[in-house]
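Student: Sequence and computational prediction follow.
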Amino acid sequence: AARPRPQPARPGAPAAPAPELNEEKIAERATALTANMQKALGLNPQQMTKVGQINLLGVRNVETARQTYRQDVRKMASVIDDIGQSRLAQLKDVLSPAQFDKYQRKREEKMGVPSSQGIQGNPAPGLPGY
C-alpha cells in the first residue's frame, strides 16, 4: 500500500513527532522471525516467549532507527548494528549454547558474513576475520 507522504513542517510547528510505526507490521515480522527460529532451533515454550519478546523489541528498534535516521544512512547503519549486537547478547542468554551456535551459523549464511568472533562484532572491512 502506498504510504502518505509526510507533510512539510509548518513554521511554528513543534519539532518532528516521534516516527509513526506500523505496530501490526512489526508484530507480524517479529512473529515470523520467532516461528522460523522455533523451526530451525527447536525452541521450547519458555524460549519461544522470551525470543518472541526479544524479536519484537529488535524489529521495533530497527524500524524506529530506519525512520529516525533515514537522512543519515551511516548513523542508521551504526544504530542498527548496535541493535543487532544487543539482540544477539539477549538471545545468547535465552538459547542453549548449541542453539546459539546454530543460530549464529544460519545468520552468517544468510548475511554472507563469516565471523569467527560471534558476539564481539564484525572485523573491520577489508581485514580478514581471523
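Tutor: Looks like it arrived, so ask away.
Student: The residue positioned nearest the centre of the chain and Q71, how far apart?
Tutor: The chain has G58 as the residue nearest its centroid, 4.4 Å off, counting by C-alpha atoms, centre = their mean. According to C-beta to C-beta, to the nearest Å, G58 and Q71 sit 23 Å apart. All C-beta spots, glycine's among them, are computed from the backbone N, C-alpha and C.
Student: Is there a neighbour count for Q71? I'd like the number.
Tutor: When neighbours are defined as other C-beta atoms under 10 Å, Q71 has 7 of them.
Student: Also the one 3 residues further on?
Tutor: In terms of burial, R74 registers 8 neighbours under the definition other C-beta under 10 Å.
Student: cool, F100 as well?
Tutor: 18.
Student: And it, how close does it get to L91?
Tutor: 7 Å.
Student: Contacts only, for the residue nearest to the centre of the chain.
Tutor: By C-beta atoms under 8 Å, 6 or more residues apart in numbering, the contact set of G58 is 30, 83-84, 86-87.
Student: Report the two of those residues separated the most.
Tutor: Spatial extent of the contacts of G58 (C-beta to C-beta) is set by the pair A30 and S86 at 15.2 Å.
Student: so where's this protein uncertain?
Tutor: Applying pLDDT under 70 to the chain flags residues 1-19, 113-130.
Student: pull the longest helix from this structure.
Tutor: The residue-count maximum for a helix in the chain (DSSP state H) belongs to helix 45-68.
Student: buried sites along the helix or strand just after it?
Tutor: Using DSSP states H and E, the next helix or strand after helix 45-68 towards the C-terminus is helix 73-94. For helix 73-94, burial by neighbour count (16 or more other C-beta atoms under 10 Å) applies to 76, 79-80, 83-84, 87-88, 90-91, 94.
Student: One more: stretch 42-57?
Tutor: So stretch 42-57, judged by 16+ other C-beta under 10 Å, has buried residues 43, 47, 50-52, 54-57.
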